[in-house]
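Engineer: need coordinates for the below:
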Amino acid sequence: MSENSARPCRAQTIAALKASARSQVAPFIVMDVMSAAAVREAAGHSVIHMEVGEPGAPAPMAARAAVNAAMAGGRIGYTLALGRPSLRAAIARHYQDTYGLAVSPGNVVATAGSSGAFILAFLALFDAGARVAIQSPGYPPYANMMRAFGIEPVILETTADSRHAVSAAMIEAAHAQKPLDGVLLMSPANPSGTMLTDEALRGICQACDRLGIAFISDEIYHGLTYQRPARSALEFTRRAVVVNSFSKYFCMTGWRIGWMIVPDALVRPIERLQQNLSISVPTLSQIGAEAAFSAREELEAVRAGYARNRAILLDALPGIGLGDFHPADGAFYVYADVSRLTGDSRAFCARMLEEAGVAATPGLDFDARRGHATLRLSFAGGESDMIEAVKRLKNWLK
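Structural biologist: Numbering: from 1, shown residues only. This next block holds a predicted model:
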């Protein structure tokens, strides 16, 4: 044996890296469904995408034109950590125009999508060990992000009888059992599409103010409502942290640009965090986002398409065995109870993809305890896709 062959391999002498405990979060199942759908498409199969909450329409023409002009101008540099002043001013005007609210641009923060806003909000508001209430069924990354930061998510279980809506009484009861540091709610909600009534939102804001609990209001689906406009938490309290994004109504998911409205006391802490975590939000996305505010006519045409898709599903799904759901007040989802068809929504959705060519998200993504009996269908795609999906599901379920 040679001297070199007797020497142990360097790889054998180095201990394997171990992932941190904080990284052991649950997967976002919808992304796994997207991957499975992509595999089927790559193999030549047709798939109707109803799994992902992503607009089928492109970003507004004005946004694309603004970015093209900026690119032609040459250098694209950093912006201020809180965002371009002109974008922050445009967002503040949006609150005056949409809600009749006077918001100072100084309280606006540009973020890397709503996800970036939640990271900043969690770090600015809560220390490790804090307890923050969220609803179930609900958006899964809330709890996963919190656990990664050492924050304890407190699950408020909602029921179909209440249209999956949280009440002030539920928050007060949870706080009385063991004090809460915060509450995070979304209205209109994902996956249910339920929007809080004005009275319910007012009551929640007042309860949080009275109990000294931080309230984060996720308003990402504002603009996408079908019977009445959404109300912002800022109409009822100025203590709330409001999160929104250009992803949904503005059709700019891949641009990763969102915003926060924060109380005065949080502006500088969030600025310091943003300076260190990302320096600034991508400049081109900020330029495009500002221009998107001028595209209302184009965006309202997209929203009208969602309304037609919603009508197609509300009319057709009951007749093919998928009718156990509440009509969505907003967003672009149907959250259906499929307990009479399956006790395993994940396997059911896998078969639906394989056998019917329709991708849907199992309810386990949104409700770990009861989601085995539910699924979510997105109607953010084209009208022809909704018609084809109904046809495929009818043939599959008959």
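Engineer: would you pull up how far stretch 164-176 lies from the middle of the chain?
Structural biologist: Here the centre of stretch 164-176 is set off from its chain's centre by 22 Å, with Cα atoms, centre = their mean, to the nearest Å.
Engineer: same deal with stretch 201-215?
Structural biologist: That offset, for stretch 201-215, works out to 22 Å (Cα atoms, centre = their mean).
Engineer: and if you look at stretch 191-198?
Structural biologist: 14 Å.
Engineer: export that stretch as PDB, just CAs?
Structural biologist: This file holds the C-alpha atoms of stretch 191-198, laid out as PDB (Å, rounded to 0.1, in the frame of the first residue of the first chain):
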ATOM      1  CA  PRO A 191     -57.300  30.000   2.100                       C
ATOM      2  CA  SER A 192     -61.000  30.700   2.900                       C
ATOM      3  CA  GLY A 193     -61.500  34.000   1.100                       C
ATOM      4  CA  THR A 194     -63.400  35.200   4.200                       C
ATOM      5  CA  MET A 195     -63.300  38.900   4.900                       C
ATOM      6  CA  LEU A 196     -63.900  40.300   8.400                       C
ATOM      7  CA  THR A 197     -67.000  42.400   8.800                       C
ATOM      8  CA  ASP A 198     -66.300  46.100   9.700                       C
END
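Engineer: now do it, average pLDDT.
Structural biologist: The average pLDDT within stretch 191-198 is 97.
Engineer: could you list the low-pLDDT ranges of the stretch 51-200 of the chain?
Structural biologist: Counting by pLDDT under 70, the stretch 51-200 of the chain contains no low-confidence segment.
Engineer: likewise for the stretch 201-350 of the chain?
Structural biologist: Of all residues in the stretch 201-350 of the chain, none has pLDDT under 70.
Engineer: contact partners of the one helix or strand Leu313 maps to?
Structural biologist: Using DSSP states H and E, the element containing Leu313 is helix 296-316. With contact meaning Cβ atoms under 8 Å, 6 or more residues apart in numbering, helix 296-316 is reached by 55, 57, 60-62, 223-224, 226, 249-251, 292, 327-328, 332, 334, 377, 379-383, 386-387, 390, 394. The way it works is simple: take the backbone N, C-alpha and C, and place the C-beta from them, glycine included.
Engineer: among the residues you listed, which ones are in helices?
Structural biologist: Met61, Ala62, Ala292, Glu383, Met386, Ile387, Val390, Lys394 (DSSP state H).
Engineer: strands of this structure, start to end?
Structural biologist: For the chain, the strands defined by DSSP state E occupy 48-49, 108-111, 131-136, 152-157, 182-186, 214-218, 241-245, 258-261, 333-337, 358-359, 361-362, 374-378.
Engineer: any idea how far Gly323 is from Ile220?
Structural biologist: Distance of Gly323 to Ile220, computed by Cβ to Cβ, to the nearest Å: 27 Å.
Engineer: of the two, which one has the most company?
Structural biologist: Neighbour count, other Cβ atoms under 10 Å: between Gly323 and Ile220, Ile220 has more, with 24 against 13.
Engineer: residues contacting the more buried one?
Structural biologist: Contact analysis of Ile220 by Cβ under 8 Å, 6+ apart lists Ser114, Met186, Val243, Asn244, Ser245, Ser247, Lys248, Gly258.
Engineer: phi first, then psi, for it.
Structural biologist: Backbone geometry at Ile220, expressed as degrees, to the nearest 10, gives phi -70, psi -30.
Engineer: and for the one 4 residues further on?
Structural biologist: Here the main-chain torsion angles of Leu224 (degrees, to the nearest 10) amount to phi -110, psi 70.
Engineer: isn't it right next to Tyr333, touching?
Structural biologist: No. Applying Cβ atoms under 8 Å, one finds Leu224 not in contact with Tyr333, separated by 10.2 Å.
Engineer: more neighbours, these two?
Structural biologist: Just comparing Leu224 and Tyr333: by other Cβ under 10 Å the higher neighbour count belongs to Tyr333, 26 against 23.
Engineer: any idea how far Met61 is from the more buried one?
Structural biologist: To Met61, Tyr333 is 27 Å away according to Cβ to Cβ.
Engineer: Met145 now?
Structural biologist: 34 Å.
Engineer: ok, those two, which is more surrounded?
Structural biologist: Met145 (17 against 13).
Engineer: the nearest residue to the more buried one once chain neighbours are set aside: neighbour count?
Structural biologist: The shortest distance from Met145 to any non-neighbouring residue, by Cβ to Cβ, 6 or more residues apart in numbering, is to Phe118 (5.9 Å). Using other Cβ under 10 Å, the number of residues around Phe118 comes to 24.
Engineer: good, wrapping up.
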